[in-house]
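K.L.:
coords below, sequence missing:
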Ligand code: GLA
């Protein structure tokens, strides 16, 4: 657990409400290890929660409104619990309000209002799912604080976590307005120390797979280029995938085809000359990514980290060439990483186009790897990347605070 982030949230709460927080929610960020843009195509993904966190300190109140404060941006928000206005597109405000909206859709109206303050060290806009981390930390705080009364669980088993992942995805799709898949919320909620997560986005079967002992470091290299997920390209790719599905639906009206997951490599090969030249590349990426996830899970189970790493690097090439969601900077980062000490494999993480790469690195060579990539990338691109040496971490959780916890923070 990140002590600094936890402390910052507790401090921020006492400063902004002059009162004691009662509950603390904590949620990690995540990296995508394999399976890029497969989730909304009904495919397979592999991810890990990482040891960078969002902490939410808060309490129930007897008002019919919610107050929130973010220490990192020093901004406040207040909103009513019914007919919640969306707030500004792309802002943290919309994420917090969206959680309140979607959870009330699922669990009924809250019995009371709440005050919360949050702080975090998940880099924002870098492809590490700071948004799902915020969502989950807020959600876990709300469940633990009891604002829904007996209609919602306060401790979460895996079934309740999966249910919550869907609720939070709905919030992102319908309230925030980003058509993302289940990957982010799932990873943030299901993380386990030194384990990778495999998810079949169609059947929702999942597994936590040990990454080895010692587990490799997950080194995130931030290209310092940032973009907003809601700004169009993501939804454009989704639409391109859907058009390929529509083509095959028209071609095979008697076959059950609803997502790219329902197509085979043979389908693509047979129709290749007639398929839209952009759509067929997108589809090839998604189908080969699904294969890479299956093979990657087997490699990890067999303790073959080198094979797993190679699949990650192949995934990056497929994103770059077929899905075309890489960038000059992300390609540079992978190129440099391939020559760095301890490198096992690397790829872009998350939506793409900007942000971070994720690299699997032998644990005792992570610092040397970081130094090498810093120097190499600076030479190529003119600026140093920001490097985070991370490890696979535990998923989101919440705790009731004791008087001591709160007192240490000056109330
Ligand atoms: C973003 C989305 C995820 C997933 C990835 C790409 O992170 O939020 O749902 O689609 O992009 O794999």
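P.N.:
Cool, the structure landed. Keep in mind that what you see is a predicted model, and the values were worked out from it rather than measured.
K.L.:
need the pLDDT of the closest residue to residue 328 other than its chain neighbours.
P.N.:
Excluding the flanking residues, the one nearest residue 328 by C-beta to C-beta, 6 or more residues apart in numbering is residue 381, at 7.9 Å. (Each C-beta comes from the backbone N, C-alpha and C, glycine too.) pLDDT for residue 381: 86.
K.L.:
tell me the contacts of residue 381?
P.N.:
By C-beta atoms under 8 Å, 6 or more residues apart in numbering, the residues touching residue 381 are 223, 328-329, 332.
K.L.:
the residues you listed: which two are farthest apart?
P.N.:
The span of those, defined through C-beta to C-beta, is set by 223 and 328 at 9.1 Å.
K.L.:
look at these two and report which has more neighbours.
P.N.:
Comparing residue 223 with residue 328 by other C-beta atoms under 10 Å, the one with more neighbours is residue 223, at 24 against 11.
K.L.:
which residue is the nearest non-sequential neighbour of that one?
P.N.:
residue 329 (3.9 Å).
K.L.:
in a helix, that neighbour, correct?
P.N.:
Yes: secondary structure of residue 329 (DSSP: H, G, I helix; E, B strand; the rest coil): part of a helix.
K.L.:
for it, give me its contacts.
P.N.:
223-225, 354, 381.
K.L.:
same thing but at 7 Å, please
P.N.:
223, 225, 381 (C-beta atoms under 7 Å, 6 or more residues apart in numbering).
K.L.:
in helices, which of those residues fall?
P.N.:
Among the contacts of residue 329, DSSP state H puts residue 381 in helices.
K.L.:
can you put the contacts of residue 329 in TSV and add distance to the ligand?
P.N.:
Formatted as TSV, the contacts of residue 329 follow (distance: C-beta to the nearest ligand atom, whole Å):
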residue	distance to the ligand
223	16
225	16
381	23
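K.L.:
for the stretch 151-300 of the chain, what spans make up the strands?
P.N.:
195-200, 206-210, 217-222 (DSSP state E, counting those that start in this stretch).
K.L.:
the ligand is nearest to which of those strands?
P.N.:
strand 195-200 (10.8 Å; C-beta to the nearest ligand atom).
K.L.:
is any residue of the closest one near the ligand?
P.N.:
No: on the criterion C-beta under 6 Å from any ligand atom, strand 195-200 is out of touch with the ligand, staying 10.8 Å away.
K.L.:
mean confidence for that strand?
P.N.:
On average, strand 195-200 scores 98.
K.L.:
and it, which residues are buried?
P.N.:
Within strand 195-200, the residues scored as buried using 16 or more other C-beta atoms under 10 Å are 195-200.
K.L.:
repeat for stretch 385-399
P.N.:
385, 387-398.
K.L.:
go on, stretch 173-193?
P.N.:
173, 175-176, 178-193.
K.L.:
could I get the contacting residues of the closest residue to residue 288 other than its chain neighbours?
P.N.:
The spatial neighbour of residue 288 that comes closest, neighbours along the chain excluded (C-beta to C-beta, 6+ apart), is residue 318 at 5.7 Å. By C-beta under 7 Å, 6+ apart, the residues touching residue 318 are 285, 288-289.
K.L.:
for whatever helix or strand residue 318 lives in, buried residues please.
P.N.:
Per DSSP states H and E, residue 318 falls inside helix 305-318. By neighbour count on 16+ other C-beta under 10 Å, the buried set for helix 305-318 is 305, 307-316, 318.
K.L.:
tell me what the helix or strand harbouring residue 54 is packed against?
P.N.:
Residue 54 belongs to strand 44-61 when elements are defined using DSSP H and E. Packing partners of strand 44-61 (3 or more C-beta pairs under 7 Å, 6 or more residues apart in numbering; DSSP states H and E): helix 3-17, strand 23-34, strand 113-120, helix 130-145, helix 183-190, strand 195-200, helix 277-301, strand 386-390.
K.L.:
give me that answer again for 6 Å
P.N.:
Here strand 44-61 touches helix 3-17, strand 23-34, strand 113-120, helix 130-145, helix 183-190, strand 195-200, helix 277-301, going by 3 or more C-beta pairs under 6 Å, 6 or more residues apart in numbering; DSSP states H and E.
K.L.:
I'd like the average pLDDT over that strand.
P.N.:
97.
K.L.:
which parts of it are buried?
P.N.:
Buried, per 16+ other C-beta under 10 Å, within strand 44-61: 44-61.
K.L.:
residue numbers of the stretch 1-150 of the chain in contact with the ligand?
P.N.:
Counting by C-beta under 6 Å from any ligand atom, the stretch 1-150 of the chain sits next to the ligand at 32, 36-37, 39-40.
K.L.:
most widely separated two among the residues you listed?
P.N.:
32 and 40 (13.0 Å).
K.L.:
neighbour count winner among the two?
P.N.:
residue 32 (28 against 22).
K.L.:
which residues sit in contact with the more buried one?
P.N.:
The contact partners of residue 32, by C-beta atoms under 6 Å, 6 or more residues apart in numbering, come to 47, 349-350.
K.L.:
nearest to the ligand among the residues you listed?
P.N.:
Looking across these and measuring by C-beta to the nearest ligand atom, the closest to the ligand is residue 350, at 3.6 Å.
K.L.:
poorly predicted segments of the chain, please.
P.N.:
1-3, 227-231, 406-411 (pLDDT under 70).
K.L.:
what is the nearest of the buried residues of stretch 385-399 to residue 297?
P.N.:
Distances from residue 297 to the buried residues of stretch 385-399, taken by C-beta to C-beta, are shortest for residue 392, at 14.5 Å.
K.L.:
tell me how far that closest one lies from the ligand.
P.N.:
Distance of residue 392 to the ligand, computed by C-beta to the nearest ligand atom, to the nearest Å: 17 Å.
K.L.:
and that residue, backbone torsions?
P.N.:
phi -60, psi 130 (degrees, to the nearest 10).
K.L.:
partner residues bridging it?
P.N.:
residue 50 (DSSP bridges).
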